[in-house]
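Visitor: everything below, folded, please.
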Amino acid sequence: MPNFILFTKTLWGEPPRLRHQVASLLANAGHEVIFVQKPALPWQMRKPTFTANDRIRITMCRELIHHKLRLAPLIHQANAALSARSIRSHITSSGTGARAVILNFNYDYYFLRRVFPDNKIFTFINDDHLATALFRYEKPLRWALEKTCAFSDRILAVSSSLQDELSSYGPTDLFLPWTDVPYRRPRETARNILLYWGYINDRLDTGLLMHFADYLKRSHPNLRIMLVGPIERGLGRKFTKLFSNGVIEISPPAALDSIELDSVLAGLIPYRFRRKIDAAELPNKALQILARGLPLIISGMPNFVEQPFIFRIRRSKDSYETSIATVIKQFFELQPDIKTFVSMHTPEKRLAQLIRLSGE
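Guide: Numbers count the residues shown, from 1 in each chain. Here you go, the predicted model:
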């Protein structure tokens, strides 16, 4: 079985994201994985290599300057020279990676082909990087993105919109998250909670939340909203306003299965609308909630997948009423569609996709 080397701009100890999940998925299937975490700047202490578990080794290389500050190709090239030399020193000099598959989560690592001339390189693009360019200066970012994709054997995009955008750079596949558990049919119990499970931060549309809460208080006084997760530092005062009408509760972070899901009517993902930079088609949390048989009520995320068990709300009584009434009335009628959808997004299917591409 081939080994894998993952290049990221994320520390291993950060909250799990797709790159951590890919590493664990491969390791659990018996593959050896090197996770190259967020690089250190020249003046920073490089964290020592360590073993996360029996099959995942964590290491770190160096970069010259933060990726958002590379405002000209010349700066990119200078950074590439240092980063490539660091990778050779810390990884390839030991003979590691001679036959490994390279999984690159960095849009600007076009120099990897110099370091691994004969390896398969897959580049994962999970953000609309061009839309978040510093000072809206897209030119050097696009330059790096195009070169990185062009030298990749395959581009893996996390949404259909990104896949379409990147397809001009090279062969592109859709690579979505996967469930953590098989589908579980909910029990027939009284349900009165709309559950948001995740980071409580500025991505939440607090205005919509308060408007929605006022509607629930008037029209569905038995329902309440529960936000479960860590509150971003400095936002505590802002979110205390959500307590004003007694409909919204905020609870500390908790594993999904430790929450009383028998009381949950639907998952709630009330994000702000960010058309230009929101490429999300199927967030991790969405699949975890769906796997428990819970439909979803969402806002924002213009590229979110459309399914009969996903209900989009905006600041209007009609959208609230349509979503709530349908979920209440059709909760169990929606289960076959949820089960079918969940079965399409299992860890086995994502692993098979990676192994198939690795063997092509």
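Visitor: can you give me the helices for the stretch 151-300 of the chain?
Guide: For the stretch 151-300 of the chain, the helices defined by DSSP state H, counting those that start in this stretch occupy 160-166, 206-219, 236-240, 284-291.
Visitor: can you add mean pLDDT and distance to P140 and give those back as TSV?
Guide: C-betas here are computed from N, CA, C, even on glycine. Converted to TSV, the helices of the stretch 151-300 of the chain look like this (pLDDT from 0 to 100; distance: least, Cβ to Cβ, whole Å):
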stretch	mean pLDDT	distance to P140
helix 160-166	87	18
helix 206-219	93	35
helix 236-240	67	35
helix 284-291	94	30
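Visitor: can I get those helices in TSV with mean neighbour count and distance to D118?
Guide: What follows is those, written out as TSV (neighbours: other Cβ atoms under 10 Å; distance: least, Cβ to Cβ, whole Å):
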stretch	mean neighbour count	distance to D118
helix 160-166	17	24
helix 206-219	17	51
helix 236-240	12	52
helix 284-291	22	33
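Visitor: got TSV for those helices, with distance to F116 too?
Guide: Shown next, in TSV, are the helices of the stretch 151-300 of the chain (distance: least, Cβ to Cβ, whole Å):
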stretch	distance to F116
helix 160-166	21
helix 206-219	46
helix 236-240	46
helix 284-291	29
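Visitor: who's in contact with G207?
Guide: R315 (Cβ atoms under 8 Å, 6 or more residues apart in numbering).
Visitor: over to K285?
Guide: K285 neighbours (Cβ under 8 Å, 6+ apart): 197-198, 267, 269.
Visitor: and those residues, which two are the farthest apart?
Guide: Spatial extent of those (Cβ to Cβ) is set by the pair G198 and G267 at 9.8 Å.
Visitor: R314 is nearest to which of the helices of the stretch 151-300 of the chain?
Guide: Short answer: helix 206-219, nearest of the helices of the stretch 151-300 of the chain by Cβ to Cβ, at 7.5 Å.
Visitor: off-centre distance for the closest one?
Guide: 28 Å (Cα atoms, centre = their mean, to the nearest Å).
Visitor: flag the shaky bits of the stretch 151-300 of the chain, pLDDT-wise.
Guide: 235-238, 242, 274-279 (pLDDT under 70).
Visitor: how many neighbouring residues does L334 have?
Guide: Residues within reach of L334, counting by other Cβ atoms under 10 Å, total 20.
Visitor: how far away is it from N201?
Guide: 29 Å (Cβ to Cβ, to the nearest Å).
Visitor: repeat that for G229.
Guide: On the measure of Cβ to Cβ, G229 and N201 end up 9 Å apart.
Visitor: compare those two (neighbour count), which wins?
Guide: When G229 is set against N201 and neighbours are counted by other Cβ under 10 Å, the residue ahead is G229, at 18 against 14.
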